[in-house]
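*Asks:* Predicted model and sequence follow; I will ask about them next.
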Amino acid sequence: MQTPIYYPKAEFIETDTGNKVSRRATISGPQNIILGGKTIISNGAIIRGDLKRAGPGHAVVISLGRYCLVGEGCVMRPPYKTYRGTFNYYPMKIGDFVHIGANTIVEAATIGNHVEIGKNCVIGKFTIIKDCAKIADNTIIPPNTVIPALTVFAGSPGHFVEDLPESTQEVVEAHTKSYYTRFQPLER
């Protein structure tokens, strides 16, 4: 039995699908954000769902899968570029079982399933991170980088360091589920 991680119950809102969102997180444009369920959004995290393509109506700007963790102080904003003279934002899709460490800035296009991103990282615009990849703490990934599956990237700029074993998927899934299970409200 692992030690519980207690949080003050009043500081988090729990949704019907088990998402736990800190009241101290900034969620802009919530109608444009999809949380898959059992996802934790920590204190001070900023998710910019308000940054969307010009035009009327709703657009999914940022989608996160199940059992994700957005660490304290993370900033998630959709990537943008000017194409043929028109400035536009593009959607960000994040898979299941993704842990994003504290104070990391994410402007990726796609992050696969079973991905671990360390603390104090910068994930550049339009980066694609494939399944079961790991980004070490303090790594700067330049824009438009593609991180292959089952690899570790580290450094500034981020570069390939080593391959990960095939068991990475099971290990990351067990770790993220365990973290969610241990993340318990402290009644006051």
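*Replies:* Sure, I can see it.
*Asks:* show me where pLDDT drops low in the protein?
*Replies:* Residue ranges of the chain with pLDDT under 70: 1, 55-58, 188.
*Asks:* Backbone torsions only: list them for residue 91.
*Replies:* Residue 91 has phi and psi values of phi -70, psi 150 when expressed as degrees, to the nearest 10.
*Asks:* That one and residue 80, how far apart?
*Replies:* To residue 80, residue 91 is 11 Å away according to CB to CB, to the nearest Å. Any C-beta I mention is one placed from the backbone N, CA and C, and that applies to glycine too.
*Asks:* repeat for residue 38
*Replies:* Look at residue 38 and residue 80: by CB to CB, they are 30 Å apart.
*Asks:* Bridged to residue 6, which residues?
*Replies:* Note on residue 6: beta-bridge partners residue 184, judged by DSSP bridges.
*Asks:* Neighbours of it, how many?
*Replies:* Neighbourhood size, residue 6 [other CB atoms under 10 Å]: 12.
*Asks:* show me what contacts it?
*Replies:* Counting by CB atoms under 8 Å, 6 or more residues apart in numbering, residue 6 touches 184-186.
*Asks:* before we move on, back to that, so between residue 38 and residue 80, which is more surrounded?
*Replies:* Each of residue 38 and residue 80 has its neighbours counted (other CB under 10 Å); residue 38 has more, 22 against 15.
*Asks:* wait, doesn't that one sit right on residue 67?
*Replies:* Yes - assessed by CB atoms under 8 Å, residue 38 is found in contact with residue 67 at 5.0 Å.
*Asks:* which residues are common contacts for those two?
*Replies:* Both residue 38 and residue 67 are contacted by residue 180, under the criterion CB under 8 Å, 6+ apart.
*Asks:* which one of the contacts of residue 6 is nearest residue 148?
*Replies:* Using CB to CB, residue 184 comes nearest to residue 148 of these, at 36.2 Å.
*Asks:* list the contacts for that closest one?
*Replies:* Applying CB under 8 Å, 6+ apart to residue 184 gives the contacts 4-7.
*Asks:* Please indicate which of these are buried?
*Replies:* By neighbour count, with 16 or more other CB atoms under 10 Å, the contacts of residue 184 hold residue 7 as buried.
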